[in-house]
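S.K.: need coordinates for the following:
(one chain, ligands or ions: 1)
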Amino acid sequence: MSKDGRGKSWDKVQSLMKQAVRTPMSVQELLTQLSYLRGASCIFFGTGSLISDRISSLESAIENHKLSFELQTSNDNSFPTKFLYAIDTKVQRLLLQCKEARARDEVNDRIIEFDHLVSMVLDQTFHMQLPLCSHVPTDTPEHVAGGPNKRLKISAGHPSPESAPRSMVTNNSQFDAFKLKDGEDWKTFCGASVNDRPMWNDQCRMCARWHIKGNCFSDCPHAASHVPHEKVSTEKERSFQKYVKKVRGD
Ligand SMILES: [Zn+2]
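M.R.: Take a look at the predicted model:
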């Protein structure tokens, strides 16, 4: 804390505390989070304090046995989270002892000896139950990208949100004028005069598939325009009409 112009200001400490919580999905992310924890320990307890030293040793141990840690992660993608949770639990126990102790020798420093945790990983006997409230995402393109199991989901050029599975959505309230006519093929519109389609907002255009074919997908980049025709302004309707006429060659 800031004292005599040294250390961190209260605002700085508060902003450090507001770091977004993110589950580590790789050994590298685990190491990154440990380095944050070590940084915070240095701020709160000083460089060379017990906690920061022990975390520093742990980081070295993980670096030295990275392959074993990566093997565990490839078997169980929640392993880095479980390991970090084990560390956190131990640090919390130590802090609780520090809070309640009346003298330094009442605190058992061995609580945060992490060597045996590392040994358990090497022996493949590490086990940790995560609390029920924790949510570890299953492996996602973002998390596996760059890793040994590099895998990228590509769906027809549409970026798919990780959280929501792709599903078809139907427009039950189309403009009659835009509906496919008898004998007309959606393929005529698909990818045609894309730049003539009116913008729906700053980010996307009016979805041709939704307004012409009458259905689309939940992960469509123009999903914001998936609205019933009553919700489309006259101005946008007219612009879309122009685009439709152009493609139809009217
Ligand atoms: Zn769409």
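
S.K.: now the element after the lowest-mean-pLDDT helix or strand in the chain, going C-ward?
M.R.: Lowest on mean pLDDT, DSSP states H and E among the helices and strands of the chain sits helix 141-144, with a mean of 40. Downstream of helix 141-144, the next assigned helix or strand under DSSP states H and E is strand 168-170.

S.K.: is there proximity between that following strand and the ion?
M.R.: No: remark: strand 168-170 sits outside contact range of the ion, by CB under 5 Å from the ion, the gap being at least 7.9 Å. Where you see a C-beta, it was placed from the backbone N, CA and C, and this is true even at glycine.

S.K.: can you name the residues in contact with that strand?
M.R.: 210, 214-218, 223, 226 (CB atoms under 8 Å, 6 or more residues apart in numbering).

S.K.: can you give me the helices in this structure?
M.R.: With DSSP state H, the ranges of helices along the chain come out as 10-17, 27-45, 50-64, 66-75, 79-100, 115-122, 141-144, 208, 234-248.

S.K.: pLDDT on the last one, on average?
M.R.: Mean pLDDT, taken over the full extent of helix 234-248, equals 95.

S.K.: picking that back up, with respect to the ion, which of the contacts of strand 168-170 is nearest?
M.R.: Cys216 (3.2 Å; CB to the ion).

S.K.: quickly note the distance from the closest one to Ser233.
M.R.: Relative to Ser233, Cys216 is positioned 20 Å away (CB to CB, to the nearest Å).

S.K.: start and end of stretch 189-202, how far apart?
M.R.: 23 Å (CA to CA, to the nearest Å).

S.K.: brain fart, stretch 210-225
M.R.: One end of stretch 210-225 sits 8 Å from the other (CA to CA).

S.K.: any part of it near the ion?
M.R.: Yes: contact of stretch 210-225 with the ion (CB under 5 Å from the ion) involves 210, 216, 220, 222.

S.K.: and the last one, what does it touch?
M.R.: When you say that, I think you mean His222. Contacts of His222 by CB under 8 Å, 6+ apart are 200, 204-207, 210, 216.

S.K.: flag every residue of this protein that's near the ion.
M.R.: 207, 209-210, 216, 220, 222.

S.K.: can you do 6 Å?
M.R.: 207, 209-210, 216, 220, 222-223, 226 (CB under 6 Å from the ion).

S.K.: pLDDT for these - can I get that in CSV?
M.R.: As requested, these are exported to CSV (pLDDT from 0 to 100):
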residue, pLDDT
Cys207, 93
Arg209, 93
Trp210, 95
Cys216, 90
Cys220, 85
His222, 91
Ala223, 92
His226, 95
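
S.K.: residue ranges in the protein under the pLDDT threshold?
M.R.: Filtered on pLDDT under 70, the chain yields the residue ranges 1-8, 10, 13-21, 133-165.

S.K.: domain map for it?
M.R.: 10-144, 168-248 (automatic domain parsing).

S.K.: what's near enough to touch the nearest residue to Phe114 once chain neighbours are set aside?
M.R.: Counting by CB to CB, 6 or more residues apart in numbering, Phe114 lies nearest to Leu58, which is 4.4 Å off, once chain neighbours are set aside. Neighbour list for Leu58: 34, 87, 114, 117-118 [criterion: CB under 8 Å, 6+ apart].

S.K.: what is the burial count for the nearest residue to Leu122 once chain neighbours are set aside?
M.R.: In space, Leu122 comes closest to Ser68 once its chain neighbours are excluded; the distance is 5.3 Å by CB to CB, 6+ apart. Using other CB atoms under 10 Å, the number of residues around Ser68 comes to 17.

S.K.: ok so, going back, which one of the helices of the chain lies closest to Asp182?
M.R.: Proximity to Asp182 (CB to CB) singles out helix 234-248 among the helices of the chain, at 13.3 Å.

S.K.: buried residues in the closest one?
M.R.: The neighbour-count check on helix 234-248 (16 or more other CB atoms under 10 Å) flags 236-237, 239-240, 243-244, 247 as buried.

S.K.: all set now, cheers.
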